[in-house]
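Participant: prediction below, plus the sequence it came from.
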Amino acid sequence: MSQHPVRHVPDDERRARLARRHGIAPQHRLASPLVAAEAMTVLHATEPATVHLSVHARVDDVTVADVERALYEERTLVKQLAMRRTLFAFPRDLLPAAWGSASARVATAHRARVAKDVEHASLATDGRIWLAEAEAAVVAHLADGSARSAKELREALPQLHGRIGGTTEKRYDISISIAPRVLTQLGLEAVLVRGVNGGHWRTSRPQWTLMSTWLGDVPAPLPAAEGYAELVRRWLRTFGPGTAADLQWWLGSTKGAVVTALGDVGAVPVSLDDGGTGWLLPDDLDPVAPTDHWVALLPVLDPTVMGWKERGWYLDGHGRDLFDSNGNAGTTAWVDGRVVGCWVQDDDGRVRVSPLEPLPDAATRALDVEAERLTRWLDGLRVLTVYPSPAMLAAR
């Protein structure tokens, strides 16, 4: 894998690539929820509303029903815990890549932690055996093709009884049920899946079911190296050029896994305006033309905002205002490939843009148009978040 840049990709071109490929410039919007997810590699789903709002930002005339259909009827989008122990909505064909790589990596660490917590809480002397028995009980209970909430499974299965944590006075050490941790483990390993949402689209009330019930024939996970290579190939198509540090952060993997995957896909180095080295796919080296002026409003944890670790070229010094202390992105307002502020809703649900810098009148008017578009779509519903950014808190 050559380390000599084949050409220079300036920040202006990176912004043009983002506008076109992410489908967030109004003139480059996409055709459907699935196409939007494929364009972004995956959609963030930690907060359920993010999936719907991210699709709305990229697809004209899309409805909540369209997104729900893709998630729960057609099942072309499937929720899966993967990179950095984060929940994503995956295009269905990408699942085997994640199962064998990013999800497997998280699953190994999660299994060891659950077993340790079980023993520390004195639920069993051997936490691994306890966990295996609890998993077997869940799988047997759902073998008839049914779907159950975590509460229903906990009430039906004594193997899921018990609590962990809450043994110290530390603020973050609270007593919680062990049941969700068991379901998370089964989900990481693609035995279970978060099926139909039992609540409103803005809330998370998953009905857990067997992956084999949800998808029918479940493909085998790809070997780890092949899985990482496929994830990196799609990430580069979406986010390239990006750095090895960007990829390592996004994947939640090791530097070695990233270097191997970049070699496996034949990635080509390019130089960047900040002096770093970015990577592109070998068939993606042609310069991308500038776009017309554009604006966008993106939701909390949108994949465009969360796609890179090194974000200076689109945040322009606003990072501290736009991310919480744990690195979670709040809402963002974009002008020509740069984040210039956030958006919030008033008590009536109307969307209001809050700039972090002076804006040209034309940009302000264009952002107002997007705010009105989002206000109409939400139709009075207010979307709450547990990840408000400092800018969002200041704007309320």
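Facilitator: Sure, I can see it.
Participant: C-alpha only now, for contacts and for neighbours.
Facilitator: Noted.
Participant: and the residue located most distally from the centre of the chain, how far from Arg154?
Facilitator: In the chain, counting by C-alpha atoms, centre = their mean, Thr125 sits farthest out from the average C-alpha position, at 36.2 Å. Separation of Thr125 from Arg154 (C-alpha to C-alpha, to the nearest Å): 21 Å.
Participant: now Val191
Facilitator: 17 Å.
Participant: low-confidence ranges, this protein, go.
Facilitator: 1-2, 166-169, 171-173 (pLDDT under 70).
Participant: residue contacts, Val295?
Facilitator: 24-26, 333-337, 363, 366-367, 370 (C-alpha atoms under 8 Å, 6 or more residues apart in numbering).
Participant: go on, Gly337?
Facilitator: 15-16, 18-19, 294-295, 314 are the contacts of Gly337 under C-alpha under 8 Å, 6+ apart.
Participant: now do 10 Å
Facilitator: Applying C-alpha atoms under 10 Å, 6 or more residues apart in numbering to Gly337 gives the contacts 11-19, 24-25, 291, 293-296, 313-315.
Participant: over to Gln248?
Facilitator: Counting by C-alpha under 10 Å, 6+ apart, Gln248 has contacts 232, 254-259, 308-309.
Participant: tell me which two of these sit farthest apart.
Facilitator: Gly256 and Trp308 (18.3 Å; C-alpha to C-alpha).
Participant: what about those two, which has more around it?
Facilitator: Between Gly256 and Trp308, counted using other C-alpha atoms under 10 Å, Trp308 has the larger neighbour count: 19 against 10.
Participant: excluding its backbone neighbours, what's nearest that one?
Facilitator: Asp246 (4.9 Å; C-alpha to C-alpha, 6 or more residues apart in numbering).
Participant: distance check, Cys52 against Gly145.
Facilitator: One correction, residue 52 is His, not Cys. Taking C-alpha to C-alpha, one finds His52 at 27 Å from Gly145.
Participant: the stretch 251-396 of the chain: helices as residue ranges?
Facilitator: Counting by DSSP state H, counting those that start in this stretch, the stretch 251-396 of the chain has helices at residues 255-264, 303-306, 312-315, 319-322, 361-378, 390-395.
Participant: just the buried positions in the longest one, please.
Facilitator: Of the residues in helix 361-378, 363-364, 366-368, 370-371, 374-375, 377-378 count as buried by neighbour count, 16 or more other C-alpha atoms under 10 Å.
Participant: strands of the stretch 51-200 of the chain, start to end?
Facilitator: Along the stretch 51-200 of the chain, the segments classed as strands by DSSP state E, counting those that start in this stretch run 77-81, 87-91, 163-164, 176-177, 192-197.
Participant: find the centremost residue of this structure, please.
Facilitator: Mean-position check on the chain, C-alpha atoms, centre = their mean. Result His44 at 2.2 Å.
Participant: which ones are touching it?
Facilitator: 37, 50-51, 54, 79, 86-90, 300-304, 306 are the contacts of His44 under C-alpha under 10 Å, 6+ apart.
Participant: 6 Å - rerun?
Facilitator: Phe88 (C-alpha atoms under 6 Å, 6 or more residues apart in numbering).
Participant: for it, give the beta-bridge partners.
Facilitator: According to DSSP bridges, the partner residues bridging His44 are Phe88.
Participant: also His8?
Facilitator: Ser271.
Participant: next one: it relative to Arg14, how far apart?
Facilitator: Relative to Arg14, and taking C-alpha to C-alpha, His8 is found at 11 Å.
Participant: more neighbours: those two, which one.
Facilitator: Arg14 (21 against 16).
Participant: sec struct for the more buried one, please.
Facilitator: Three-state call for Arg14 (DSSP: H, G, I helix; E, B strand; the rest coil): helix.
Participant: ok, it to Arg21 distance?
Facilitator: 10 Å.
Participant: count of neighbours near His110?
Facilitator: Residues near His110, counting by other C-alpha under 10 Å: 18.
Participant: with adjacent residues omitted, what lies nearest to it?
Facilitator: Gln185 (6.9 Å).
Participant: distance of that neighbour relative to Thr385?
Facilitator: Taking C-alpha to C-alpha, one finds Gln185 at 25 Å from Thr385.
Participant: which one's more surrounded, the two?
Facilitator: Gln185 (22 against 15).
Participant: quick check: phi and psi on Trp208?
Facilitator: In terms of degrees, to the nearest 10, the main-chain angles of Trp208 are phi -80, psi 140.
Participant: I'd assumed Ala150 was in contact with it.
Facilitator: No - taking contacts as C-alpha atoms under 6 Å, Trp208 lies outside contact range of Ala150: 7.3 Å.
Participant: more crowded one of the two?
Facilitator: Trp208 (24 against 18).
Participant: mind listing what the more buried one touches?
Facilitator: Counting by C-alpha under 6 Å, 6+ apart, Trp208 has contacts 147-149, 193-195.
Participant: could you do Ile178 as well?
Facilitator: With C-alpha under 6 Å, 6+ apart, Ile178 has these contacts: 162-163.
Participant: quick one: it from Arg105, how far?
Facilitator: 21 Å.
Participant: many thanks, have a good one.
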